[in-house]
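[1] Following is a predicted model, sequence given first.
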Amino acid sequence: MTATYQELIEQREALDRQIQEVKEQEKRIGIEKVLALIEEYGLTSDDLFSKRAGIMKSGTKSLAKVPPKYRNPETGKTWTGRGKKPLWMAERSKEDFLIK
């Protein structure tokens, strides 16, 4: 026998309530475990959330500083070859500005 639409809605609502109850229960258990570890190791909020902790890193790496590869002979301005090409290089080839 197949369930009616209304019966299925009621089953879904009951299941959603059950999911929420289990989620809250597991969340409490997780918090208890974390608090026990904090107490065991004497951790502070600085230990957990400071950038100095070394665990929480941003998703980007900083690029190493690179020596310039190109120089504008008229102004002395340089460019490493990274990023947008400077306007002073627009009309000529890169080789014309290469630092030798």
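    Great, that's in hand. Numbers count the residues shown, from 1 in each chain.
[2] count of residues packed around Ala64?
    Look at Ala64: counted by other Cβ atoms under 10 Å, it has 5 neighbours. In short, each C-beta sits where N, CA and C put it, glycine included.
[3] Look at it and give its secondary structure.
    Three-state call for Ala64 (DSSP: H, G, I helix; E, B strand; the rest coil): coil.
[4] For it, give its distance to Thr78.
    17 Å (Cβ to Cβ, to the nearest Å).
[5] Kindly state the beta-bridge partners for Tyr70.
    Going by DSSP bridges, Tyr70 is paired in beta bridges with Trp79, Leu98.
[6] so how far is Gly42 from it?
    Taking Cβ to Cβ, one finds Tyr70 at 55 Å from Gly42.
[7] Repeat that for Glu95.
    Relative to Gly42, and taking Cβ to Cβ, Glu95 is found at 62 Å.
[8] Ala3 now?
    From Ala3 to Gly42 the distance is 55 Å (Cβ to Cβ).
[9] likewise Ile19?
    Look at Ile19 and Gly42: by Cβ to Cβ, they are 36 Å apart.
[10] do Lys23 as well
    The value you get for Lys23 to Gly42, if Cβ to Cβ is used, is 30 Å.
[11] which of these two has more neighbours?
    Legend: neighbour count by other Cβ under 10 Å for Lys23 and Gly42, higher for Lys23 (10 against 7).
[12] Quick check: next helix or strand after the host helix or strand of the more buried one?
    Using DSSP states H and E, Lys23 maps to helix 5-41. As assigned by DSSP H and E, the chain's next helix or strand after helix 5-41 is helix 45-49.
[13] Now do that following helix: distance to the chain's middle.
    How far helix 45-49 lies from its chain's middle: 18 Å, per Cα atoms, centre = their mean, to the nearest Å.
[14] and if you look at stretch 1-11?
    43 Å.
[15] contacting residues around Lys69?
    For Lys69, the contact set (Cβ atoms under 8 Å, 6 or more residues apart in numbering) comprises 79-81, 98-99.
[16] and this protein, what are its domains?
    Domain assignment for the chain by automatic domain parsing gives 5-53, 63-100.
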